[in-house]
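Asker: Need a 3D model of the sequence below.
(chains A and B)
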Amino acid sequence: MSRRKHLIIGAGPAALSAADRLRNLCPDDEIKMVTEENSLPYCPAVLPYLLAGKVQKEKVWLRTDDYFASKKIVFLQGKRVIKVNPQENRVTYLDGQEESYDNLLIATGAEATSSPFDNIKEEILSFHRLEDLYRLNKRLISCENVTILGAGLVAVELAVALTQRGKKVRILGRGRLLRAYFTEEAGNYLSEHMERHGIEIITGKTLSSFKKRGNSYEIDTEEGDTFKADMIIACLGVKPNLSFLTDSGIHINHGVVVDRCLKTNFANIFAIGDVAESPAFFGETFGVSPILPNALDQGRVAAENMAGKVSYFQGWLPMNVLKLFDNLSFSIGIISPEDGGASILEEKNGEKKTIKRLVIRDDSLVGAMFINCDVEPGVIRYLIERRVNVGDYADALMNKPRITSFSLMIKKETSVNQLV
Amino acid sequence: MDKFYSTIKIDYGKCPPHCDLCEKACLSAKGGKIPLIRAYPGGPIVCNQCGEPQCLQMCPTTAITKNYENGVVSVDSEKCVGCGLCTLGCSYGGIYYDYESMRVLKCDMCGGEPQCVKACPEGVLTYIDYPEKLRGYLVTEDLFTKGVGLCAGCPIETMSRLTGQVLGEKVVFFGTPGCCSRITQGIGTKASARGPCYFCLMTTPAATAAGAKRYYKRKGEDILAVAMIGDGATADVGFAALSGAAERGENIIYICIDNEAYMATGIQKSGTTPLSAWTFTSPVGKVRSGRTNPSKYLPLIMADHGIPYVATASISHPLDYARKLEKAKKVKDGLVYIHIFSPCYVGWRAADDSAIEISRMAIETNYFPLWEYERGTYRFTYLPEKPKPIGEFTKLMGRFQHLNEEGIMALQRMVDERFNKIKALTLLGEEKS
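Answerer: Numbers count the residues shown, from 1 in each chain, chains lettered A, B, ... in the order given. Purely as a prediction, here's the structure:
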């Protein structure tokens, strides 16, 4: 087979996972990775910890130049793609240069949703990229009170990090806290816990206007409140970074639409990570899933398909881990099923602030949420992804989640071997 | 193969209830509050030290690394930010969150002396350290490239790589059309061997290797001529050349990789196909069922040539094979014959990941005893403590599935007869000394 050229746009975890796999499968092919950011690759999940000072900047790079050299991967920083021409297999960069490819992998990730106040965009910071962190760090020295707009996972992690830096933090959101991952009750536990640590959480507010007064800001809401802050950070979610694909002919909905092989409507163009709109694990739906484990899986699968093998993505599953209490809190899969046919088991303890919730359909676990419980998230993930039959063990899983989940996992693993 | 790593082997289902000695041993060894091995009903759980660790992939700060020298996956607590993503990545529950230090902890195999294994009274945990010992035998990098044309799960790949790594760089390979050529000769226009290799006819590998060896000797080059040949070319079509080379005392290493039929051409009976086994040319039907007569037992035939060294080997006992190769390397005055048992899941109708299990069972049932013959002395290199009935071996594959009890008894008799013959020969050696 002749030498092919694989061009990867983006350098996030999904892109790196694809590049590694691609290099293993095609030792002779040319692999080029371009990113518009001016830094070595990093994982966005590390930003709150970097802000909190738990790790030094030089320790967060996922790959170094030495690594790229040893793997013969060409890595270019600060190279922004502005146009893709699938008919001619060519991309155009911001600096006017053009580049051809045999296979293109779009892994440009997501960008922060812009704040509702367009006129004073510069005044409101975002927290999505390393550059945002630098800007934030610079301004933080002169700030005491910080208001975070939004109540999602990034907002929560940012609030925790800023509190650790000794700032007075307020979360101002429209919906309830972490509604994408946790049930209302669980969200309340988490809110209470954060409030105990000095974070002010105000939800149910719609922002109406924004004013600058000297060095501080004022935010008015439609409900008639006014909030003051030295700094405002918008964490209003992310949207796929795909403006450069407009008019390219690549099928776009919310993200770049891909099939189970992570292929777009062009046979040699693939998309993975936060930019891709891919099939879900359950049902026939498609969606954008900005979740690290899924992105890594997608990277592997896309690379295998680019190498000429046929490989399928099992579908994305929402999942997340939080550590706000003495024990782990996490949610995975469908925790609030909308259709019938699924049974929900739930057990709460208001005193110890624990919630266990299992969603079971056709004897398989489809979702689980554990707040402040002693359980290993990876093992629960295994039970869902391998569709382990938990029918007879549902109650045991509820009462003794750790032991039961491990036993089911061991049973499944050893039964696979015994098939021989 | 990339590297050999030591590992903690767990026998699931043997754990007695309410025993947590391994956990306690881990706590006292590590001085922590969280045991890094957990006793669960069904069996203990400890980090697998995976080849492609998911915890490592998930880590946003590269705090988790795999040491490719000893295989251990470890956490750098300086880099760990305590995000807990790795616990979501590990499906096997091998990495734990410590809420006291806000870091993750995992098993590091106690630097090669796992305390949990020492504490286990039931033998559920065993520390398999022969990979470490095996590494002592390896003198060179892998002589074959990655990606060979063999079926996935075929033991020939591992055995060939091991052969090259133990014998060293001064090896010239000889092969014939057959399964082994998929690694020694490569496939299509792509070669897999990094060193020289020669492709012979099926009838002549021993003669070709002998001639080439003489040529190199004349040029003053001390090379090892290694023929890696299948059982068909060894026992049937190429036997005359092999027997002749042995008798002339040619200094070559002849390795027969025995998958007990002509597999590369599509499963036809060969001289080493065992009694009553199914192949396409020894079919199972109304008139007859599988091979009707016993197979040739080549290692004994070769030993009877009076050559310096003969041995049998199997993928389930790589250390044993490495020792035998080391002896083979030192022989300079005659032919060395090594017979490797090589299960073929395609032709034997077995599971594609069963090669090692089948090999081990072949040895535990005395179907394929491990022995060596060294200048007149026969010696077992491994003896099963309590030999298992041959039914344990035959049930692992489909080629014997037509056998009734009578058929199994006949096979058992054949196995016993062969084993007793070798045993008698080993006793002969004892009397002499």
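Asker: Show me what from the stretch 51-200 of chain A comes close to chain B.
Answerer: Those residues of the stretch 51-200 of chain A that sit near chain B, judged by CB under 8 Å from any CB of the partner chain, are A:54-55, A:59-62. Heads up, the C-betas are built off the backbone N, CA and C, glycines and all.
Asker: Give me the packing partners of the helix ranked longest in chain A, helices and strands only.
Answerer: Taking DSSP state H as the criterion, chain A has its longest helix at helix A:401-418. Here helix A:401-418 touches helix A:377-385, helix A:394-399, strand B:37-40, strand B:43-46, going by 3 or more CB pairs under 8 Å, 6 or more residues apart in numbering or on different chains; DSSP states H and E.
Asker: List the contacts of that helix.
Answerer: With contacts defined as CB atoms under 8 Å, 6 or more residues apart in numbering or on different chains, helix A:401-418 is touched by A:356, A:370, A:373-376, A:379-380, A:382-383, A:386, A:388, A:390, A:393, A:396-397, B:12-13, B:38, B:40-43, B:45, B:91-93.
Asker: tell me the angle that helix makes with helix A:377-385.
Answerer: Here the directions of helix A:401-418 and helix A:377-385 differ by 60 degrees (axes from the mean of the first three to the mean of the last three CA atoms, to 10 degrees).
Asker: List the buried residues for helix A:401-418?
Answerer: By neighbour count with 16 or more other CB atoms under 10 Å in any protein chain shown, helix A:401-418 contains the buried residues A:401-411, A:413.
Asker: ok, now stretch B:298-307?
Answerer: For stretch B:298-307, the neighbour count (16+ other CB under 10 Å) marks B:298-303, B:305, B:307 as buried.
Asker: For those, give me a markdown table that also has pLDDT and secondary structure.
Answerer: Shown next, in a markdown table, are the buried residues of stretch B:298-307 (pLDDT from 0 to 100; DSSP: H, G, I helix; E, B strand; the rest coil):
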| residue | pLDDT | secondary structure |
| --- | --- | --- |
| B:298 | 95 | helix |
| B:299 | 96 | helix |
| B:300 | 96 | helix |
| B:301 | 96 | helix |
| B:302 | 96 | helix |
| B:303 | 95 | helix |
| B:305 | 95 | coil |
| B:307 | 95 | coil |
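Asker: So for residue B:53, which of the helices and strands packed on helix A:401-418 sits nearest?
Answerer: helix A:377-385 (11.5 Å; CB to CB).
Asker: list the helices and strands the closest one packs on?
Answerer: Using 3+ CB pairs under 8 Å, 6+ apart: helix A:377-385 touches strand A:319-322, strand A:328-333, strand A:364-373, helix A:401-418, helix B:85-89.
Asker: Quick one: residues in contact with it.
Answerer: The contact list for helix A:377-385, computed with CB under 8 Å, 6+ apart, reads A:281, A:293, A:314, A:317, A:319, A:321, A:328, A:330, A:332-333, A:364-368, A:370, A:388, A:390, A:401, A:405-406, A:408-409, A:412, B:54, B:84, B:87-93, B:95.
Asker: Filter these down to the buried ones.
Answerer: A:281, A:293, A:317, A:319, A:321, A:328, A:330, A:332-333, A:365-368, A:370, A:388, A:390, A:401, A:405-406, A:408-409, B:54, B:84, B:87-93, B:95.
Asker: Do a quick rundown of the helices in the stretch 201-350 of chain A.
Answerer: Secondary structure of the stretch 201-350 of chain A (DSSP state H, counting those that start in this stretch): helices at A:292-306.
Asker: Count residues in the vicinity of the closest residue to residue B:378 other than its chain neighbours, would you?
Answerer: Once flanking residues are discounted, residue B:378 sits nearest to residue B:425: 4.1 Å by CB to CB, 6 or more residues apart in numbering or on different chains. Neighbours of residue B:425 under the rule other CB atoms under 10 Å in any protein chain shown: 16.
Asker: What of residue B:21?
Answerer: Neighbour count for residue B:21, taken as other CB under 10 Å: 17.
Asker: Let me see the contact set for the spatially closest residue to it that is not a sequence neighbour.
Answerer: Closest residue to residue B:21 apart from its sequence neighbours, by CB to CB, 6+ apart: residue B:119 at 4.6 Å. Applying CB under 8 Å, 6+ apart to residue B:119 gives the contacts B:21-22, B:24-25.
Asker: The residue nearest to residue B:274 when sequence neighbours are not counted: what's it in contact with?
Answerer: Sequence neighbours aside, residue B:295 is the residue nearest to residue B:274 in space, at 5.1 Å (criterion: CB to CB, 6+ apart). Residues in contact with residue B:295, defined by CB under 8 Å, 6+ apart, are B:260, B:271-275.
Asker: How about the stretch 151-300 of chain B: which residue is closest to chain A?
Answerer: Evaluated by CB to the nearest CB, the stretch 151-300 of chain B has residue B:190 as its residue closest to chain A, separated by 10.0 Å.
Asker: what pairs with that residue across the strands?
Answerer: In this entry, residue B:190 is beta-bridged to residue B:187, by DSSP bridges.
Asker: Also residue A:240?
Answerer: Residue A:240 forms beta bridges with residue A:110, as assigned by DSSP bridges.
Asker: check which helix or strand covers the residue lying closest to residue A:197 once chain neighbours are set aside.
Answerer: Nearest residue to residue A:197, sequence neighbours excluded (CB to CB, 6+ apart): residue A:163, at 6.0 Å. Using DSSP states H and E, the element containing residue A:163 is helix A:153-164.
Asker: got the CA positions of that helix in PDB?
Answerer: Only the C-alpha atoms of helix A:153-164 are listed here, as PDB (Å, rounded to 0.1, in the frame of the first residue of the first chain):
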ATOM      1  CA  LEU A 153     -19.900  21.100  35.300                       C
ATOM      2  CA  VAL A 154     -17.300  23.600  34.200                       C
ATOM      3  CA  ALA A 155     -19.000  26.300  36.400                       C
ATOM      4  CA  VAL A 156     -18.900  24.000  39.400                       C
ATOM      5  CA  GLU A 157     -15.300  23.000  38.900                       C
ATOM      6  CA  LEU A 158     -14.200  26.600  38.300                       C
ATOM      7  CA  ALA A 159     -16.000  27.700  41.400                       C
ATOM      8  CA  VAL A 160     -14.300  25.100  43.500                       C
ATOM      9  CA  ALA A 161     -10.900  26.000  42.100                       C
ATOM     10  CA  LEU A 162     -11.500  29.800  42.700                       C
ATOM     11  CA  THR A 163     -12.500  29.100  46.300                       C
ATOM     12  CA  GLN A 164      -9.300  27.200  46.800                       C
END
